[in-house]
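S.K.: Structure of the sequence below:
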Amino acid sequence: MHNTIKKYILVPALLICSSLFFIQCDKSDDPVTGPSLDATLGSSSEFSILKAAIKQAKLETFTQGPGPFTVFAPTDAAFNAAGITSASLASIDSVTLTALVLNHFQTSAAGTFTARTSYEIPDGPNAPMGSIAGYSNYSYKDKANDKIFVSGCMITQRDIRCSNGIIHKIDKVLLPPNTSIINLLNANTNYSLMVQAITKAGLTSVFSPAASAPITPFAIPNSVMTANGYDATTIAGLSGAGLTTLTNILRYHVIGSRNFSTDLKTGTLKTLYVNAGASTYVTVSFGSGVLIKGATNATAFQITPVDLAA
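M.R.: Purely as a prediction, here's the structure:
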């Protein structure tokens, strides 16, 4: 197979974080006295943006009300990494902000409010947990390393008990899915050539799967497409064997399951490209981050950024 693409960016599909000692987690249902979620968030400078976002969206009922509620609480550093600052909150429209905030408040399997301890978070991988926003987040417990992840976010402090619920501090923002993979790629001009290639190869449906059949594409930036001979003019003019080669390359950049970066293990992942009836694989390893290597790549390349959800 002609596969010379040299760089990958992980984009988990469909909706676009700590546990060797789980036995020690408290699953008690005894009532908790003390400060409320609202007071606890307000007393920590780490949660000032989340607190401000809740207030701006007029959602204090979910931190001041009786609950019980479970909050995955991003720190200010997590919001900043997502491009959200205290100053920029005012520019976020109310519908978007409401969905963003409520995606961090979890419901039970029955869709009711619940105080979910870290013990009660499903093991996963990819165990769905509903949010008040109506979306699903996905949990994974890395028991060997005593870590818990939710949709690629790591829980850095568990089970902060409040009178009306529980807070789990996380290191990233749980961005709600509000678009398809194609739209997510289209929103970033750095992937315009990959979008053009997907359209030319007739693979739009492959990159727009049903919710029941999630995928994980490795998105190819324009610089890599161009370096490998696929500029806009070349892509537009492809036909026959040349178009088949491009189609195979694109399929080789898709894994037929949802994989957050935190779900990945050293080993191989099966792609959607089938070569003469045989499955094909990419190899996952770890260095300064997650590394991916195609069968014909001389070296592995780091996935960056990771965990963009659609």
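
S.K.: Can you mark which positions in stretch 161-176 are buried?
M.R.: Within stretch 161-176, the residues scored as buried using 16 or more other C-beta atoms under 10 Å are 161-176. Any C-beta I mention is one placed from the backbone N, CA and C, and that applies to glycine too.

S.K.: err, stretch 263-283, not the other one
M.R.: Buried residues in stretch 263-283, defined by neighbour count with 16+ other C-beta under 10 Å: 263, 264, 269, 271, 272, 273, 280, 281, 282.

S.K.: does the fifth one really touch residue 254, like I thought?
M.R.: It stands for residue 272. Yes: taking C-beta atoms under 8 Å as the definition, residue 272 is a contact partner of residue 254 at 4.4 Å.

S.K.: what is in contact with these two at once?
M.R.: By C-beta atoms under 8 Å, 6 or more residues apart in numbering, residue 272 and residue 254 have these common neighbours: 206, 215.

S.K.: just for the stretch 51-200 of the chain, where's the confidence low?
M.R.: 109-111, 178-180, 187 (pLDDT under 70).

S.K.: From the chain's centre, how far out is stretch 139-157? Work that out for me.
M.R.: Centroid separation between stretch 139-157 and its chain, computed with C-alpha atoms, centre = their mean, to the nearest Å, is 13 Å.

S.K.: Kindly check the end-to-end length of that stretch for me.
M.R.: 15 Å (C-alpha to C-alpha, to the nearest Å).

S.K.: buried set for that stretch?
M.R.: Along stretch 139-157, these residues count as buried under the neighbour rule (16+ other C-beta under 10 Å): 139-142, 147-156.

S.K.: Can you give me the buried ones in stretch 233-251?
M.R.: Counting neighbours by 16+ other C-beta under 10 Å, stretch 233-251 gives 234, 235, 238, 243, 246, 247, 248, 249, 250, 251 as buried.

S.K.: isn't the last one right up against residue 206?
M.R.: Yes: with contacts counted by C-beta under 8 Å, residue 251 reaches residue 206, the gap being 7.2 Å.

S.K.: Now do the shared contacts for those two.
M.R.: Common neighbours of residue 251 and residue 206, counting by C-beta under 8 Å, 6+ apart, are residue 272.

S.K.: Can you pull the domain assignment for this structure?
M.R.: Following automatic domain parsing, one finds the domains of the chain at 9-13+178-302, 22-170.

S.K.: Quick check: phi and psi at residue 78.
M.R.: Backbone dihedrals for residue 78, given as degrees, to the nearest 10, come out at phi -70, psi -40.

S.K.: Ignore what I typed, I meant residue 104.
M.R.: Dihedral angles of residue 104 (phi, psi; degrees, to the nearest 10) stand at phi -100, psi 0.

S.K.: Average pLDDT for the helix ranked longest in the chain, rounded please.
M.R.: The longest helix of the chain (DSSP state H) is helix 240-252. The pLDDT scores in helix 240-252 average 94.

S.K.: which strands and helices sit next to it?
M.R.: With contacts defined as 3 or more C-beta pairs under 8 Å, 6 or more residues apart in numbering; DSSP states H and E, the packing partners of helix 240-252 are helix 192-200, strand 267-275.

S.K.: Same question for the first one: list its buried residues.
M.R.: Neighbour-count burial for helix 192-200 flags 193, 194, 195, 196, 197, 198, 200 (criterion: 16+ other C-beta under 10 Å).

S.K.: neighbouring contacts of the helix or strand hosting residue 149?
M.R.: Element membership for residue 149, per DSSP states H and E: strand 147-150. The contact list for strand 147-150 (C-beta under 8 Å, 6+ apart) reads 17-19, 72, 118, 121, 124, 129, 137-142, 154-155, 158, 168, 170, 174, 260, 262-263.
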